[in-house]
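K.L.:
quick one, what's the 3D model for this:
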Amino acid sequence: MDRSPARLNLEHLKKQAKELIRLYRRRAPEAYARFRHALPAAAGRSDAQIAALDLRLHDAQSCVARDLGFASWPDLRRYVDAQLPPGKSKADRMRRWLQLVYAADVAGTTDRANPRVAARMLTEDPGLVADDPYLACAIGDAEIVRRTAMSDPTWVNRPGGPLKLPPLVAVTHSSLLQIAEFQARLHRCTRLLLQAGADPDQRISSRWPPGTLDAPDDSNPLSALYGAAGRNHDLELTRLLLEAGANPNDNESLYHSLEGSVTTGLLLEHGARIAGTNAMYKVLDDENVAALELLLRHGGDPNEPARNAPLTDCGSPLMWAIRRRRSRTCVATLLDAGADPLIATPGGLSAYRYALQFGLTEVAELLRERTGDETLADDERFVAACSSGDESEARRIQAGRPDLPGSLSPQQLRLLPELAAAGGDDAVRLMVELGWPITVRGGDWDASALNHAVFRGNASLTRFLLEHGAEWTEQHGFGDNAAGSLSWASCNEPVSDGDWVGCAQALLDHGMPLAIPDRDDPEWVLVAGRRKLFSDEVRDVLLGDAS
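P.N.:
Residues are numbered from 1 along each chain as shown. Down below sits the predicted model:
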C-alpha cells in the first residue's frame, strides 16, 4: 500500500475497505491476517475467532485507517477532506487546519474540532504556522509568544490572525490541549500571556450559525475561561485563569464544565454562581450524583425554577430528574437537600404521579414515603403499568376501560416518544401493542418514536415500529423525517454502539426509497429528492450497494 499522504484518495480508500470486507466474508486468510494486525478487537485471535466476530464494513474502514496511522476512519476522512487540490494557497490550507484546531463556535463552521488530525497535519507541515503569533498560541509555541509580547506589549490583548482571536482565547480554545504533547506548551503560553498583562477575561462572540466569522453572534460571548473549563475541561488552565482574576460567571463555563466534571469544583470554589445558569438541570441530564452533590454543597437550589423550555414543562430540578429517568439515589439526593416532594408540573401532576407516568416505580415509592398515598384514576394506573412494562396490569385495566389509550390526554400520549428517546424499549413495545397512537410527537426535539429510535441507532425498535404502522416520512421538530434523523445520527453517532446500518435497512424494507447519488458531489445522495449526507456504511445500504 502507498502510505504517502499526498496520494490518499477517499474513493480509493473506500474501495480498499470494501474489498477487505469481501475477502473476509470469503474467509480469505489474508483478510484475517490484516484484521489481526490492525484491528484491536481481532488482535491475538485465531482465524476462526476472527470469523466469529462478524466484522462489518466499518471494521474494514477502521483497519484501513489504522494501517495508515490514523486512530479511526472518521479521522482519516477529516484528514483527506482537509487536503487541498494543487494550486491552492498556503493560506487556504491553514484555514482548513484551523477548522480542525477550533470548534465551530470559534471557527465559524458546523464541524467539530479534531485535534488528532490537526496534530498530524502539523507534523507533516511544521512550517504551517510560520511565525504568526496567533497561530503560535494555537499550538503553544512559547518562544514566539514571548518574543511577540516583548516587542509589542499591546499585542497580548489585541485580536488577530485568521480567526480574529485574542491570544488567550486562541490558547484556551485550542483543541490541541486534548493531546498530551501539547498540554504543557499551551499551559506555558498561558502563563506568559498573563504575566505580560493579558486580560484573563478575554472573549469573543460566537461564530456558530447563525453567527459567522465576519458577523459573530454578540448575544453569546465566549470567554477564555469557557475554553479552558467548558470546552477542554483543562484543570490547570482553569486554575491559572481564575487565580489571575477571570470572572467565573460568564454564563457558559459552569454549565459546560458539567460535561466533564473536572473543572466544576474549581469554578465553584472561585465563586461561580449556580442560580440562573441551568446547571441544576444540566447535571441531571446524566446519572452524575457526585456532581449533583457538589452543586448542592455550593448552594445549588434543588427547587430552582426553570428559565426556558422544555425545562419549564417540568418546573423544578426534581421533575426534570424524573423526566430524565434518573435513579432513586439521584432523586433521594435532591429530596435530602430540600427539594419539595409536593411540587407539581404546570398541568398539576404531582411528582409522585409524574414518576409513575415515566415508569419509575422505585422513585414513586420514595416520593410516596414523603407525601403519602394518592388516589390514581384508571388512566393514570394504565399509563403507569405501560411505562413500567407491566403488561398483565395494563391489559387488566384496559379490559375494563376499552377507551384506553384513545382517551388519554396529549401529555400522556407524548410518553411514547419520550420513552423511545430514553431507551425504554419494553414500555414502547407494550404501548404500541395496546393501541397507542404511533405517530404522536414528543421529546426534546418534538419527534415521533420512530425518529427517536433511528436517532439512537436502535435498529430493533425501529423495525418494530415500522412493522406496527410507523412511516419513514414522520416529521420531527427540525423539519425533516426519519431519513434526516438517520443522516445526522449516522454521521455524528450520538449514542455509542448504535446500529444505524440496521436502521437504514429497516427503513428501506418498509417503504423508504433507495437513495440516488448526487451528481454534483459523490459524498451526498438524494432521498426522495432531498439531498443528504450519511456515514459511508449507511450510504452504501441506502444506495443498494452494501455487498
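K.L.:
residue 240 is in contact with residue 263, correct?
P.N.:
No - using CB atoms under 8 Å, residue 263 is not in contact with residue 240, being 11.7 Å away. C-beta here means a position set from N, CA and C on the backbone, and glycine is covered the same way.
K.L.:
the more surrounded of the two?
P.N.:
residue 263 (28 against 21; other CB atoms under 10 Å).
K.L.:
ok, the more buried one - contacts?
P.N.:
Contact analysis of residue 263 by CB atoms under 8 Å, 6 or more residues apart in numbering lists 228-230, 233-235, 238, 253, 257.
K.L.:
from residue 339, how far off is it?
P.N.:
Distance of residue 263 to residue 339, given as CB to CB, to the nearest Å: 26 Å.
K.L.:
flag every buried residue along stretch 345-361.
P.N.:
345, 349-361 (16 or more other CB atoms under 10 Å).
K.L.:
and what of stretch 302-321?
P.N.:
302, 304, 306, 311, 314-321.
K.L.:
same question, stretch 145-159
P.N.:
So stretch 145-159, judged by 16+ other CB under 10 Å, has buried residues 145-146, 148-149, 155-156.
K.L.:
and the end-to-end length of that stretch?
P.N.:
Stretch 145-159 has an end-to-end distance of 14 Å (CA to CA, to the nearest Å).
K.L.:
chain center to that stretch, what's the gap?
P.N.:
Counting by CA atoms, centre = their mean, to the nearest Å, stretch 145-159 is centred 37 Å from the centre of its parent chain.
K.L.:
just the C-alphas of the strand or helix carrying residue 454, formatted as PDB.
P.N.:
Per DSSP states H and E: residue 454 is located in helix 449-455. What follows is helix 449-455 as a C-alpha-only set of coordinates in PDB (Å, rounded to 0.1, in the frame of the first residue of the first chain):
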ATOM      1  CA  ALA A 449     -41.000   7.400  18.400                       C
ATOM      2  CA  LEU A 450     -39.600   6.200  15.100                       C
ATOM      3  CA  ASN A 451     -37.400   9.300  14.700                       C
ATOM      4  CA  HIS A 452     -36.100   8.800  18.300                       C
ATOM      5  CA  ALA A 453     -35.400   5.200  17.700                       C
ATOM      6  CA  VAL A 454     -33.500   5.900  14.400                       C
ATOM      7  CA  PHE A 455     -31.600   8.700  16.100                       C
END
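K.L.:
which strands or helices does that helix pack on?
P.N.:
Other helices and strands packing on helix 449-455, by 3 or more CB pairs under 8 Å, 6 or more residues apart in numbering; DSSP states H and E, are helix 415-421, helix 459-467, helix 482-492, helix 500-509.
K.L.:
now do the SS call for residue 471.
P.N.:
coil (DSSP: H, G, I helix; E, B strand; the rest coil).
K.L.:
quick one, longest strand in this protein?
P.N.:
strand 217-223 (DSSP state E).
K.L.:
for the helix or strand following that strand, what is the average pLDDT?
P.N.:
Counting by DSSP H and E, the next helix or strand C-terminal to strand 217-223 is helix 224-225. The pLDDT scores in helix 224-225 average 98.
K.L.:
which residues touch helix 224-225?
P.N.:
Residues contacting helix 224-225 (CB under 8 Å, 6+ apart): 166, 168-169, 171-173, 200-203, 238, 241-242, 246-248, 250, 253.
K.L.:
so of the buried residues of stretch 145-159, which ones are in helices?
P.N.:
Per DSSP state H, helices hold the following members of those: 145-146, 148-149.
K.L.:
looking at those, spot the one nearest residue 280.
P.N.:
Nearest to residue 280 among those: residue 145, at 38.8 Å, using CB to CB.
K.L.:
wait, that closest one sits on residue 167?
P.N.:
Yes - here residue 145 reaches residue 167: they are 7.2 Å apart, a contact under CB under 8 Å.
K.L.:
overlap in contacts, the two.
P.N.:
Joint contacts of residue 145 and residue 167 (CB under 8 Å, 6+ apart) are 133, 137, 193.
K.L.:
now the element after the helix or strand harbouring the last one, going C-ward?
P.N.:
The reference is to residue 193. Taking DSSP H and E as the criterion, residue 193 maps to helix 180-195. Next along the chain after helix 180-195, taking DSSP H and E as the criterion, comes strand 203-206.
K.L.:
distance of residue 52 relative to residue 61?
P.N.:
Separation of residue 52 from residue 61 (CB to CB): 20 Å.
K.L.:
look at the two and report which has more neighbours.
P.N.:
Set residue 52 next to residue 61 and count neighbours by other CB under 10 Å: residue 61 wins out with 25 against 10.
K.L.:
and the more buried one, how far from residue 76?
P.N.:
For residue 61 relative to residue 76 (CB to CB), the value is 8 Å.
K.L.:
and residue 184, by the same measure?
P.N.:
Distance from residue 184 to residue 76, counting by CB to CB: 28 Å.
K.L.:
out of those two, which sits in the busier spot?
P.N.:
Of the pair residue 184 and residue 76, residue 76 is the one with more neighbours under other CB under 10 Å, namely 23 against 12.
K.L.:
using CSV, write down the CA coordinates of the helix or strand where that one lies.
P.N.:
Applying DSSP H and E as the criterion places residue 76 in helix 73-82. The C-alpha trace of helix 73-82 is given here as CSV (Å, rounded to 0.1, in the frame of the first residue of the first chain):
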residue,chain,number,x,y,z
TRP,A,73,-11.9,6.1,9.8
PRO,A,74,-13.5,9.5,10.7
ASP,A,75,-10.0,10.8,11.4
LEU,A,76,-8.8,9.6,8.1
ARG,A,77,-11.8,11.2,6.4
ARG,A,78,-11.2,14.5,8.1
TYR,A,79,-7.6,14.4,7.1
VAL,A,80,-8.4,13.7,3.4
ASP,A,81,-11.1,16.4,3.5
ALA,A,82,-8.6,18.9,4.8
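K.L.:
how about residue 236, nearest residue that isn't a chain neighbour?
P.N.:
Sequence neighbours aside, residue 187 is the residue nearest to residue 236 in space, at 5.4 Å (criterion: CB to CB, 6 or more residues apart in numbering).
K.L.:
for residue 193, see how far away the one you found is.
P.N.:
Relative to residue 193, and taking CB to CB, residue 187 is found at 11 Å.
K.L.:
which one's more surrounded, those two?
P.N.:
Neighbour tally, residue 187 and residue 193, criterion other CB under 10 Å: the higher count belongs to residue 193, 30 against 20.
K.L.:
circling back: which secondary structure elements does the longest strand of the chain contact?
P.N.:
So strand 217-223, by 3+ CB pairs under 8 Å, 6+ apart, packs with helix 104-107, strand 203-206.
K.L.:
give me the domain ranges for the protein.
P.N.:
Using automatic domain parsing, the domains assigned to the chain come out as 20-73, 84-273, 281-371, 414-542.
K.L.:
and residue 8, which of these is closest to it?
P.N.:
Of all the domains of the chain, it is domain 20-73 that lies closest to residue 8, at 7.4 Å by CB to CB.
K.L.:
how far out from the middle of the chain is that closest one?
P.N.:
Mean C-alpha position of domain 20-73 versus that of the full chain (CA atoms, centre = their mean) differs by 28 Å.
K.L.:
for that domain, how far is the first residue from the last?
P.N.:
Terminal residues of domain 20-73 are spaced 14 Å apart (CA to CA).
K.L.:
so what's residue 527 bridging to?
P.N.:
residue 530 (DSSP bridges).
K.L.:
thought it was touching residue 542?
P.N.:
Yes - here residue 527 reaches residue 542: they are 6.9 Å apart, a contact under CB under 8 Å.
K.L.:
now do the shared contacts for those two.
P.N.:
Joint contacts of residue 527 and residue 542 (CB under 8 Å, 6+ apart) are residue 515.
K.L.:
and these two? Which one has more around it.
P.N.:
Neighbours per residue (other CB under 10 Å) separate residue 527 from residue 542, with residue 542 holding more: 27 against 22.
K.L.:
count of neighbours near residue 515?
P.N.:
24.
K.L.:
is it true that it touches residue 528?
P.N.:
No - using CB under 8 Å, residue 515 is not in contact with residue 528, being 9.0 Å away.
K.L.:
the spatially closest residue to residue 543 that is not a sequence neighbour and residue 529, how far apart?
P.N.:
Distance criterion CB to CB, 6+ apart; nearest residue to residue 543, sequence neighbours excluded, is residue 515 at 5.2 Å. Using CB to CB, we find residue 515 at a distance of 11 Å from residue 529.
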